[in-house]
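Trainee: Take a look and give me a structure for this.
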Amino acid sequence: MIVVTYRIETPGSIEAMAEKIASDQSTGTFVPVPGETPELKARVAARVLDIRPLADAECPSWPEAADDQRPLCRADVDIGFPLEAIGTDLSALMTIAVGGIFSIRGFTGLRIVDLKLPEAFRGAYPGPQFGMPGSRRLTGVEGRPIIGTIVKPALGLRPHETAELVGELISSGVDFIKDDEKLMSPAYSPLKERVAAIMPKILDHEQKTGKKVMYAFGISHTDPDEMMRNHDLVAEAGGNCAVININSIGMGGVAFLRKRSRLVLHAHRNGWDVLTRHPGIGFDFRVWQQFWRLLGVDQFQINGIGVKYWEPDDSFVSSFEAVTTPLFDKSDCALPVAGSGQWGGQAPETYRRTGRTTDLLYLCGGGIVSHPQGPAAGVRAVTQAWEAAVADIPLETYAKDHPELAASLKKFGGSKES
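Mentor: Next up is the predicted model:
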């Protein structure tokens with residue numbers, strides 16, 4: 001049985017609305033139809049398993065109910081869908097248990113907050129090909145976070161200009177570099193030319209030092225065949241990672257790519273905010289991320305502590321826990337990628353709030369490239385911040401003997417904890 005937890009908000013009966021979901025999304029119709037039998041319903045009908053009341057809402061999540069003066073009742077409701085009715089097809093699961101519910105009348109708010117999949121889903125999809133172990137192996141990083149950065153400015157640099165910046169970043173000691181998610185193959189920077197300009201620098205650095213910096217090229221495309229050609233272009237040039245905009249290419253695009261991929265798939269979740277930003281509507285990340293992990297993404301961007309966007313710290317912590325909690329076993333976990341306005345200042349709180357682990361990719365754009373002493377000092381500053389965090393040494397104390405961290409604290413405004 002597939003169990004979905006819905007957070008219901010309604011001025012009516014919670015029990016009636018829960019039954020409405022179960023009926024509408026399985027065997028229910030607005031009038032009885034020929035062939036509808038009790039035996040049929042017993043076999044494939046969804047059913048309400050549990051109702052856990054919550055405090056009433058103060059105002060409706062959907063404004064069309066603003067004039068209703070009744071109390072806005074809330075509850076978390078578990079509804080079970082027989083596997084026979086849905087199978088292991090993720091598009092069927094999205095359509096039946098997730099997608100159709102938001103059109104039902106009578107709700108003033110509705111959010112999907114949990115999803116528990118049965119054992120039948122184990123092995124039904126490939127899951128991550130590389131995940132955390134493969135990302136560590138390919139970057140050669142153990143015992144600390146993988147330190148990454150982003151090519152900035154995101155738009156406007158031509159291939160040779162991008163390659164010049166990448167060359168500087170590679171020499172800085174960084175472990176990972178990525179195209180911004182907005183950069184795919186525009187006229188001023190075609191992917192083919194970008195790969196041709198960047199990969200020789202990465203391979204030359206590997207020859208000289210033994211360290212191969214992981215570079216994630218943006219290969220997303222509406223046409224799966226064209227996206228696959230982009231993938232092959234990167235792989236044949238010696239690349240090992242690709243940025244994919246998972247909402248943009250969809251589940252079918254990710255499934256098509258993963259079956260054929262030789263690259264680490266770095267998932268950017270742009271567009272997820274539309275589905276989740278209102279706390280009474282949409283999806284929790286813990287539900288949504290399960291689809292993409294089953295399909296096979298290896299690395300998952302989840303924002304971070306003290307981000308420049310709307311997302312609160314608790315949401316990041318919840319997302320981190322979600323992508324690192326096995327669905328069935330550890331092999332289906334993705335490498336969490338902390339990003340968005342990150343620099344060394346958030347390292348101590350990130351370390352504390354994520355269970356004192358260093359199993360993450362710590363992605364700093366301006367936090368590295370805008371360091372007053374240059375990108376190499378930016379990488380050292382972030383590394384020093386993590387050394388301090390793991391050793392439980394205040395950043396200001398550690399900075400007394402580490403000038404790169406000291407300059408970073410001065411530039412970016414001091415540590416989060418101070």
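Trainee: Residue 6 reaches residue 76, doesn't it?
Mentor: Yes. Between residue 6 and residue 76 there is a contact under Cβ atoms under 8 Å: 7.3 Å. For glycine as for every other residue, the C-beta is placed from the backbone atoms N, C-alpha and C.
Trainee: Please identify which of the two sits among more neighbours.
Mentor: More crowded of residue 6 and residue 76, by other Cβ atoms under 10 Å: residue 6, with 24 against 17.
Trainee: For the more buried one, give me phi and psi.
Mentor: Backbone torsions of residue 6, given as degrees, to the nearest 10, read phi -110, psi 130.
Trainee: returning to what we had before: quick one: common contacting residues for residue 6 and residue 76?
Mentor: Shared contacts of residue 6 and residue 76, defined by Cβ atoms under 8 Å, 6 or more residues apart in numbering, are found at residue 113.
Trainee: element containing residue 144?
Mentor: Assignment of secondary structure by DSSP states H and E places residue 144 within no helix or strand.
Trainee: tell me the contacts of it?
Mentor: By Cβ under 8 Å, 6+ apart, the contact set of residue 144 is 358, 383, 386-387, 390.
Trainee: same check, this time on residue 295
Mentor: Each residue near residue 295 by Cβ under 8 Å, 6+ apart is listed here: 90, 125-126, 251, 254-255, 258.
Trainee: Where helices are concerned, which of the residues you listed count?
Mentor: Under the assignment DSSP state H, the contacts of residue 295 contribute 90, 251, 254-255, 258 to helices.
Trainee: ok, so of these, who is nearest residue 349?
Mentor: residue 254 (31.8 Å; Cβ to Cβ).
Trainee: Can you give me the neighbour number for the closest one?
Mentor: 23.
Trainee: And for residue 185?
Mentor: 18.
Trainee: So it sits against residue 195, correct?
Mentor: No. Look at residue 185 against residue 195 with Cβ under 8 Å: they stay out of range, at 10.0 Å.
Trainee: Make sure residue 409 is indeed in a helix.
Mentor: Yes. According to DSSP: H, G, I helix; E, B strand; the rest coil, residue 409 belongs to a helix.
Trainee: picking up where we left off before, give me the buried entries from the contacts of residue 295.
Mentor: 90, 125, 251, 254-255, 258 (16 or more other Cβ atoms under 10 Å).
Trainee: Now for this structure: which helix has the highest residue count?
Mentor: Counting residues, the longest helix found in the chain (DSSP H) is helix 191-209.
Trainee: State the mean pLDDT of that one.
Mentor: Taken as a whole, helix 191-209 carries a mean pLDDT of 97.
Trainee: Packing partners of that helix?
Mentor: Applying 3 or more Cβ pairs under 8 Å, 6 or more residues apart in numbering; DSSP states H and E, we find helix 191-209 packed against helix 159-171, strand 214-218, helix 224-236.
Trainee: Go through these and name the closest to residue 379.
Mentor: Of all those, helix 159-171 sits nearest to residue 379, with 8.2 Å by Cβ to Cβ.
Trainee: roughly how far is the helix or strand following the closest one from the heart of the chain?
Mentor: Sequence-wise, the next helix or strand downstream of helix 159-171 (DSSP H and E) is strand 176-178. Here strand 176-178 shows a centroid-to-chain-centroid distance of 16 Å under the convention Cα atoms, centre = their mean, to the nearest Å.
Trainee: Strand 176-178 - which strands sit beside it in the sheet, and in what orientation?
Mentor: When pairs are called by DSSP bridges, strand 176-178 turns out to pair with strand 146-150 (parallel), strand 214-218 (parallel).
Trainee: Same list (these) but as TSV, adding distance to residue 203 and mean pLDDT.
Mentor: Output for the strands paired with strand 176-178, formatted as TSV (distance: least, Cβ to Cβ, whole Å; pLDDT from 0 to 100):
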stretch	distance to residue 203	mean pLDDT
strand 146-150	19	96
strand 214-218	11	98
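Trainee: okay if I get those strands as TSV plus mean neighbour count and distance to residue 80?
Mentor: As requested, the strands paired with strand 176-178 are arranged in TSV below (neighbours: other Cβ atoms under 10 Å; distance: least, Cβ to Cβ, whole Å):
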stretch	mean neighbour count	distance to residue 80
strand 146-150	26	40
strand 214-218	26	39
